[in-house]
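K.L.:
have a look at this fold, sequence not included:
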């Protein structure tokens with residue numbers, strides 16, 4: 001509960017029985033919720049008042065990210081783009097950008113040791 005897109009929420013509010021609603025458009029909406037939560041630093045987007053927007057988001061959130069979240073969280077499922085179209089909205093990484101994690105242990109993180117199940 002709380003992760004359903006608006007088109008399903010309306011059915012729930014009208015007391016219709018819904019066993020499970022999973023589809024591409026609902027997945028894109030839920031992706032929008034995750035992206036919104038990251039930008040807003042909220043752990044539980046499902047308990048926030050809807051509609052979720054980035055109007056009050058920190059200024060450093062880039063415009064492409066804001067547009068991406070708006071598309072994903074559209075009330076009209078027809079406006080939620082396919083994942084490949086959403087992926088194309090991300091800018092190309094710059095050559096001088098270093099990955100946050102390169103597989104090296106840091107002082108706050110130690111590599112896990114895996115035990116062979118045999």
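P.N.:
Sure thing, it's come through. Because the structure is a prediction, the values reported are computed rather than measured.

K.L.:
just the helices in the protein please.
P.N.:
Counting by DSSP state H, the chain has helices at residues 6-13, 24-40, 63-72, 83-87.

K.L.:
may I see the buried residues of stretch 38-48?
P.N.:
Using 16 or more other C-beta atoms under 10 Å as the burial criterion, the residues of stretch 38-48 that qualify are 39, 40, 45. Bear in mind the C-beta positions are built from the backbone N, C-alpha and C, glycine included.

K.L.:
the second one touches residue 54, doesn't it?
P.N.:
Same thing as residue 40. Yes: contact criterion C-beta atoms under 8 Å: residue 40 and residue 54 qualify, at 7.3 Å.

K.L.:
by mean pLDDT, show me the worst of the helices of the chain.
P.N.:
Taking the mean pLDDT of each of the helices of the chain, the lowest value is held by helix 6-13, a mean of 72.

K.L.:
picking that back up, and the helices of the chain: which comes nearest residue 113?
P.N.:
For residue 113, the closest of the helices of the chain is helix 24-40, at 29.9 Å, according to C-beta to C-beta.
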